[in-house]
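In: only geometry, no sequence info:
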């Protein structure tokens with residue numbers, strides 16, 4: 001088959017391409033140019049493009065660079081900035097997967113006559129009548145959460161070659177065949193935010209910051225913050241302590257009112273989270289009222305048993321046990337209660 005491999009310049013996508021070549025597929029590598037501004041972090045640097053090109057050369061496959069900077073700005077960067085201006089906490093990597101890698105790039109693969117699109121994500125796709133998205137073999141590197149928005153149409157055309165491998169196995173395989181990326185560190189940062197300026201410096205160039213009052217649950221003033229747009233539900237850093245010495249956690253952020261409400265650790269829990277139906281995606285069939293599931297609210301969060309209720313225009317995830325609050329804008333991935341490694345769907349917290 002003809003397979004287009006998204007090569008980020010990291011070891012996982014390098015090994016994904018190598019495995020497909022070994023299996024006899026007609027493989028072509030593609031690296032995405034996404035961010036046109038300054039960056040010293042993430043997975044989109046000039047050095048990453050060069051690493052991908054050199055690996056492709058070593059594997060004897062063609063390599064292309066696709067410029068999708070306008071799409072990235074429109075669908076990832078601008079919504080990221082707008083979300084912070086509204087007091088929400090977005091996940092730009094999930095939105096990049098949704099709008100860029102498994103939309104624009106997949107569409108380009110189709111138009112160029114490729115049968116499949118491959119990436120180096122640590123997750124698995126199985127085909128059992130319906131296509132299923134499952135956790136990767138390495139629990140410490142599993143990326144099914146950041147792919148939880150994929151549906152049947154995408155999963156039918158996507159392959160994840162390293163999903164059955166642990167990270168140690170990936171690196172060992174890369175070293176065995178002499179790939180230059182074998183020992184390259186994993187990318188940890190948002191690609192369009194530099195390490196020096198950080199999130200604060202990046203956003204400060206895009207939006208105005210506003211000071212806000214910090215109050216406790218009774219409305220009593222307990223402090224202030226310089227930029228309400230940088231505060232996240234669940235945050236404890238910089239929130240101080242109560243009179244009883246307990247650390248404060250953010251319970252809510254109200255940007256228009258310039259108000260942050262805090263409480264202690266016992267206050268900073270929730271029994272439910274609302275997911276508007278407009279944000280819901282389903283791998284196959286949607287969950288109905290009362291259906292059981294397992295929820296994960298961050299890339300490496302602890303799975304939590306839950307039930308799913310319907311409430312007008314939203315699904316409501318009701319946790320069996322209280323959980324840390326979910327910041328508005330965060331993705332909640334739902335897994336099959338009988339097969340906890342299988343993704344059912346996902347939504348974005350209101």
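Out: It's in. Keep in mind the model is a prediction, meaning the values are calculated, not measured.
In: now what about the helix or strand hosting residue 200, what contacts it?
Out: In the assignment (DSSP states H and E), residue 200 maps to helix 198-204. Helix 198-204 is contacted from outside by 81, 84, 190, 192, 193, 194, 209, 227, 229, 230, using Cβ atoms under 8 Å, 6 or more residues apart in numbering. Bear in mind the C-beta positions are built from the backbone N, C-alpha and C, glycine included.
In: in strands, which of the residues you listed appear?
Out: Among those, DSSP state E puts none in strands.
In: now intersect the residues you listed with the helices, please.
Out: Among these, DSSP state H puts 81, 84 in helices.
In: domain map for the chain?
Out: 2-120+161-176, 208-263, 270-348 (automatic domain parsing).
In: mean neighbour count added to those, as a markdown table?
Out: Converted to a markdown table, the domains of the chain look like this (neighbours: other Cβ atoms under 10 Å):
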| stretch | mean neighbour count |
| --- | --- |
| domain 2-120+161-176 | 19 |
| domain 208-263 | 16 |
| domain 270-348 | 18 |
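In: what would those domains look like in JSON lines with distance to residue 184 and mean pLDDT?
Out: Below are the domains of the chain laid out as JSON lines (distance: least, Cβ to Cβ, whole Å; pLDDT from 0 to 100):
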{"stretch": "domain 2-120+161-176", "distance to residue 184": "5", "mean pLDDT": "94"}
{"stretch": "domain 208-263", "distance to residue 184": "30", "mean pLDDT": "95"}
{"stretch": "domain 270-348", "distance to residue 184": "20", "mean pLDDT": "96"}
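In: export those as CSV, with columns for distance to residue 151.
Out: What follows is those, written out as CSV (distance: least, Cβ to Cβ, whole Å):
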stretch, distance to residue 151
domain 2-120+161-176, 10
domain 208-263, 28
domain 270-348, 6
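In: for residue 143, find the nearest of these.
Out: Among the domains of the chain, the nearest to residue 143 by Cβ to Cβ is domain 270-348 (7.4 Å).
In: how about the contacts made by the nearest residue to residue 138 once chain neighbours are set aside?
Out: In space, and not counting its chain neighbours, residue 138 is closest to residue 166: 4.1 Å by Cβ to Cβ, 6 or more residues apart in numbering. For residue 166, the contact set (Cβ under 8 Å, 6+ apart) comprises 137, 138, 141.
In: can you select the buried ones from the residues you listed in PyMOL?
Out: PyMOL command restricting the contacts of residue 166 to the buried ones, with burial defined by 16 or more other Cβ atoms under 10 Å:
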select buried, resi 137+138+141
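In: could I get the contacts of residue 166 as TSV with distance to residue 28 and secondary structure?
Out: Formatted as TSV, the contacts of residue 166 follow (distance: Cβ to Cβ, whole Å; DSSP: H, G, I helix; E, B strand; the rest coil):
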residue	distance to residue 28	secondary structure
137	26	coil
138	27	coil
141	26	coil
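In: wait, residue 32 touches residue 71, no?
Out: No: counting by Cβ atoms under 8 Å, residue 71 is not a contact partner of residue 32; they are 9.6 Å apart.
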